[in-house]
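A.B. asks: quick one, what's the 3D model for this:
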Amino acid sequence: MRLEKEDFDWAAEEGIISPEQAELLWEAFSDRYQEENNNRPRFNFANVAYYFGALIVISAMTWFISLAWESFGGAGMFFVACLYALGFSLTGKNLYFQHNLKIPGGLLFTMAVAMTPLGIYGLQRWSGFWLQGDPGIYRDFYQWIKGSWFFMELGTILTGLIALRFVKFPFLTAPIAFSLWFMSMDLTPLIFGEDDFNYKERALVSFWFGLACLVVAYLIDLRIKRSRGDFSFWLYLFGLMSFWFSLPFLGGGNEWDWFIYGLTNLILMVLSVVLKRRVFMVFGGIGVFSYLSHLSYVVFANSILFPFALTLLGLLIIYLGVLYQCYYQNLARRFDSFIPQELRHLIPKDR
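C.D. replies: Numbering: from 1, shown residues only. Reported below is the predicted structural model:
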């Protein structure tokens, strides 16, 4: 719950407190939380400029690196990445710790971590050491699945974890989660052979890897209050991407497999409410809609009653949503009463 000055003015108008007390309370709360508000991500010009500038820098040194950079050679790319990372880290340290500017300082540390793939690529190009042969130019890292990229992803994850050890900035988990997502794909040729894997084996690795990321994100969610920063969001997002995109390729395409697919996505929507994570609702909603589309265009392609049945189902869901909104507190208490006391700590709370 966020309090604004209008809330204190309303309390004064209702006679709950005097106008003088309302003014004093507002000033006291403003002074107490001024530092926290300055360092909390908000949609304002300063924060948009911080994140947009960081995105441009990260993109420039990752996706947008051209073939011309290969002319630096492995050693040149390695030292350029190290110099960039050093400069970002020193500037970030000054802003984050000395000037208490957590957001721009934290973003500079994130930019330093994002230099890791380029640095490791340069080092491997310089030394000639690859796990599964020469994978090609650096730009291919973002386009092709190859086992030789593994150390670039592993190094980024380790660098990000080291940075998080000293800098508690949630966005540092973004390059970690992104690298985990790439690793879930590049592990497949390492496990099954460079050219011997098929799409089902790739989907199987992505499924279990994504599920592991979701479990880790959930454990972090339980351990760290979201008021201290959302350190789970990016792991949830990329874990769901790895898990969800693998689902259609795991089955044989029969109706039973489609039903399991729809049910899995329905469970994701329920988890969205339980875990208070909208990202589950997005993926689950798209999946359920895909299953309903399959029913409409394949199973009940010539059915007259199917659209009526879906309309009735949609209206019923809206009605249940109205009931939920009207009786939320009673339903929440009733839901909590069914959960054993020793298991209640496993559900993230509003914080």
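
A.B. asks: okay, and for the stretch 101-250 of the chain, where does confidence drop off?
C.D. replies: Confidence mapping of the stretch 101-250 of the chain against pLDDT under 70 gives the ranges 194-197.

A.B. asks: what's the helix or strand for Asn100?
C.D. replies: Asn100 belongs to no helix or strand when assigned by DSSP states H and E.

A.B. asks: give me the phi and psi for it.
C.D. replies: phi 60, psi 30 (degrees, to the nearest 10).

A.B. asks: neighbours around it, how many?
C.D. replies: Around Asn100 there are 11 other residues, counting by other C-beta atoms under 10 Å. (C-beta placed from N, C-alpha, C; glycine too.)

A.B. asks: quick one: Leu266 from Val113, how far?
C.D. replies: 37 Å (C-beta to C-beta, to the nearest Å).

A.B. asks: between those two, tell me which one has more neighbours.
C.D. replies: When neighbours are counted by other C-beta under 10 Å, Leu266 and Val113 differ, and Val113 comes out ahead with 29 against 15.

A.B. asks: from Gln124, how far out is that one?
C.D. replies: For Val113, the distance to Gln124 - C-beta to C-beta - is 18 Å.

A.B. asks: how is Phe129 assigned, secondary-structure-wise?
C.D. replies: Counting by DSSP: H, G, I helix; E, B strand; the rest coil, the backbone at Phe129 sits in coil.

A.B. asks: give me the number of residues near it?
C.D. replies: 10.

A.B. asks: so the chain: which segments form each domain?
C.D. replies: 1-38, 51-250, 262-302, 309-351 (automatic domain parsing).

A.B. asks: okay, how far is it across the second one, tip to tip?
C.D. replies: Using C-alpha to C-alpha, to the nearest Å, the span of domain 51-250 from its first residue to its last is 37 Å.

A.B. asks: if we can go back for a sec, columns distance to Trp256 on top of the domains of the chain, output as TSV?
C.D. replies: Listed next are those as TSV, based on distance: least, C-beta to C-beta, whole Å:
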stretch	distance to Trp256
domain 1-38	46
domain 51-250	12
domain 262-302	11
domain 309-351	20
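
A.B. asks: most tightly packed of these?
C.D. replies: Ranked by mean neighbour count under mean count of other C-beta atoms under 10 Å, these are led by domain 51-250, which reaches a mean of 18.

A.B. asks: gap between that domain and the chain center?
C.D. replies: Offset of domain 51-250 from its chain centre (C-alpha atoms, centre = their mean, to the nearest Å): 13 Å.

A.B. asks: correct me, but Gly76 touches Arg125?
C.D. replies: No. At 9.6 Å, Gly76 does not count as touching Arg125 under the criterion of C-beta atoms under 8 Å.

A.B. asks: just give the nearest non-adjacent residue to the residue nearest to the spatial centre of the chain, would you?
C.D. replies: The C-alpha lying nearest the average C-alpha coordinate of the chain belongs to Trp234 (C-alpha atoms, centre = their mean; 1.9 Å). Computed as C-beta to C-beta, 6 or more residues apart in numbering, the closest residue to Trp234 that is not its neighbour in sequence is Ala177, at 3.9 Å.

A.B. asks: ok, now Met77?
C.D. replies: Here the residue nearest Met77, using C-beta to C-beta, 6+ apart, is Gly122, at 3.3 Å.

A.B. asks: also Gly284?
C.D. replies: Leu268 (3.2 Å).

A.B. asks: contacts for the strand or helix carrying Val48 next, please.
C.D. replies: For Val48, the host element (DSSP H and E) is helix 45-60. Residues outside helix 45-60 that contact it (C-beta atoms under 8 Å, 6 or more residues apart in numbering): Pro41, Ile103, Pro104, Leu107, Leu108, Thr110, Met111, Ala114.

A.B. asks: biggest helix in the chain, by residue count?
C.D. replies: helix 199-223 (DSSP state H).

A.B. asks: give the other helices and strands that the following helix or strand past that helix contacts.
C.D. replies: Using DSSP H and E, the helix or strand that follows helix 199-223 towards the C-terminus is helix 233-246. Judged by 3 or more C-beta pairs under 8 Å, 6 or more residues apart in numbering; DSSP states H and E, the packing partners of helix 233-246 are helix 173-192, helix 199-223, helix 278-294.

A.B. asks: how far off helix 278-294 does the longest one point, in degrees?
C.D. replies: In other words, helix 199-223. Put simply, helix 199-223 runs at 140 degrees to helix 278-294, going by axes from the mean of the first three to the mean of the last three C-alpha atoms, to 10 degrees.
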